[in-house]
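Peer 1: What shape does this take:
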Amino acid sequence: MLLLNIFPVRDIMLYALATGALAMIALAAWPWARKQNRFVIAGAATAAGFIAWNLTLNKTNGTGFNVDAPVIQLSWADTGSGVVSFVFVAIALTVYAPRERAQNVVGAAAIAAAVAVVVDIFVL
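Peer 2: Have a look, this model is predicted:
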């Protein structure tokens with residue numbers, strides 16, 4: 001069985017960098033995220049999550065994930081980018097600053113996840 005890439009790997013990497021940069025910009029508006037450069041950690045983790053999810057879809061030939069739901073126009077592929085980015089950011093910030101309040105870590109991860117979903121909707 002021939003497996004085809006859903007997205008070119010070059011595009012995944014390029015859009016992951018853009019997603020990470022946009023997450024950093026969004027988080028830099030929040031004073032908490034600017035302390036100790038947390039927005040940089042979150043941006044890198046967002047990009048890593050975006051890459052991990054989309055390369056997984058490529059490797060498994062997950063074409064069925066890239067179909068939009070009829071009402072909300074959001075696919076599992078788009079949602080997965082957000083979910084995996086959320087997890088990566090939450091883990092990275094927890095490891096980087098283990099004594100931070102959970103609401104701050106989860107808030108930052110949610111912002112990064114929203115950026116990842118929006119980017120995935122419009123570019124991949």
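Peer 1: what stretches of the protein score poorly on pLDDT?
Peer 2: Judged against pLDDT under 70, the low-scoring parts of the chain cover residues 1-4.
Peer 1: Can you show me the helices along it?
Peer 2: Per DSSP state H, the chain carries helices over the ranges 9-28, 31-34, 38-59, 76-96, 102-123.
Peer 1: Nearest approach to F65 belongs to which of those helices?
Peer 2: F65 lies closest to helix 76-96 among the helices of the chain, at 4.2 Å (Cβ to Cβ). (C-beta placed from N, C-alpha, C; glycine too.)
Peer 1: so what does that closest one touch, helix or strand wise?
Peer 2: Judged by 3 or more Cβ pairs under 8 Å, 6 or more residues apart in numbering; DSSP states H and E, helix 76-96 is in contact with helix 9-28, helix 38-59, helix 102-123.
Peer 1: and the helices of the chain as JSON lines, adding distance to P70 and mean neighbour count?
Peer 2: Converted to JSON lines, these look like this (distance: least, Cβ to Cβ, whole Å; neighbours: other Cβ atoms under 10 Å):
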{"stretch": "helix 9-28", "distance to P70": "25", "mean neighbour count": "18"}
{"stretch": "helix 31-34", "distance to P70": "36", "mean neighbour count": "15"}
{"stretch": "helix 38-59", "distance to P70": "21", "mean neighbour count": "23"}
{"stretch": "helix 76-96", "distance to P70": "13", "mean neighbour count": "21"}
{"stretch": "helix 102-123", "distance to P70": "15", "mean neighbour count": "20"}
